[in-house]
Structures are given as C-alpha cells and as structure tokens.
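S.K.: got a structure for you, letters missing:
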C-alpha cells in the first residue's frame with residue numbers, strides 16, 4: 001500500500017524561488033510580521049542555513065539566512081512563523097522540548113492552513129536543528145559544567 005498525496009498540496013522543492021518568497025511574504029503580512037533576508041555578512045557572519053525570529057504575538061520579525069536548499073528555507077520559515085504567531089507556556093519544558101514542539105506545530109500549520117508538505121529529508125534536517133538544544137538549559141541557564 002502506498003500513500004497518495006492530494007494534488008492540491010504544495011511541495012517547496014518543486015516551487016520556484018519566486019513562488020516560495022511570494023507565499024512567505026503573504027503569510028508574513030497576514031500575521032503582521034516583517035520578513036528579512038540576511039546575506040552572509042550580517043550579524044555574526046554565519047547565516048548559512050540559519051534563521052531566527054524576534055517579537056511577540058501579533059508582531060515581530062523573521063530573519064532568514066542564506067539557504068542552499070529552498071525546502072530548508074521554507075521549513076525554517078514555518079518554524080519561525082509559529083514561534084511568533086502562537087503563544088506557548090515554556091515554563092515547564094526544556095528549550096529542546098519547546099523547539100521540538102514548535103517544529104511539530106509548524107508542520108501541522110503548514111499542512112492544514114497552507115497545504116504545504118515537506119519531504120522526510122527536510123523534516124529530519126529540522127529535527128536535527130532542534131537537537132542542537134540538547135542540554136542547552138543546563139549549559140546556558142543553569143551554568144552546569146559537563
């Protein structure tokens with residue numbers, strides 16, 4: 001038995017950069033978010049395959065770095081979008097748990113609200129990014145030495 005995807009779903013790896021950027025810009029505007037594209041020299045100078053956000057519910061900024069793979073850019077955008085448009089209680093979970101939760105919420109939002117599906121490889125990459133937060137709280141917040 002094979003799983004069939006409906007034809008009306010978008011798959012970023014088959015979209016042009018113009019289509020992708022148009023979709024991301026519309027979503028940003030819908031949620032009152034400013035979308036910024038970073039080059040390799042801004043910030044700490046390492047913007048390859050990186051993104052981040054700043055702000056609060058209803059307003060904010062998303063910063064997308066330089067991505068070699070358009071699908072990774074889109075999945076990163078949805079991850080950062082969910083950070084800004086949803087309010088989460090982080091007080092009882094670790095940063096890694098929070099990042100994983102945001103990722104799964106982003107996948108759900110992309111599929112249900114925008115009809116966007118990602119490849120297994122893109123999802124695996126995004127989960128690997130979340131795993132970089134392993135022991136982050138102990139290291140950064142609580143000052144533990146390993």
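M.R.: On my side now, so go ahead. Keep in mind it's a predicted model, so treat the numbers as computed, not measured.

S.K.: give me the helix or strand of this structure that scores worst on average pLDDT.
M.R.: strand 51-56 (a mean of 62; mean pLDDT, DSSP states H and E).

S.K.: now the helix or strand that it is followed by: buried residues?
M.R.: Going down the chain from strand 51-56, the next helix or strand is strand 59-64, by DSSP states H and E. Buried residues in strand 59-64, counted by 16 or more other Cβ atoms under 10 Å: 60, 62-64. Any C-beta I mention is one placed from the backbone N, CA and C, and that applies to glycine too.

S.K.: paired strands for strand 59-64, with orientation please.
M.R.: Applying DSSP bridges to the sheet, strand 59-64 is found paired with strand 33-37 (parallel), strand 51-56 (antiparallel).

S.K.: could you point out which element follows that strand?
M.R.: Following strand 59-64 toward the C-terminus (DSSP H and E): helix 70-85.

S.K.: quick one: buried residues of whichever helix or strand comes after that following helix?
M.R.: Once helix 70-85 ends, the next helix or strand along the chain (criterion: DSSP H and E) is helix 95-114. Residues of helix 95-114 classed as buried under the neighbour-count rule (16+ other Cβ under 10 Å) are 95-96, 98-103, 105-107, 109-110, 114.

S.K.: residues contacting the residue nearest in space to the middle of the chain?
M.R.: Closest residue to the average C-alpha location of the chain: residue 79 at 2.2 Å, with Cα atoms, centre = their mean. Contacts for residue 79 were tallied using Cβ atoms under 8 Å, 6 or more residues apart in numbering; they are 51, 102-103, 106, 126.

S.K.: what ranges in this protein fall below the confidence cut-off?
M.R.: 1-7, 40-58, 139-146 (pLDDT under 70).
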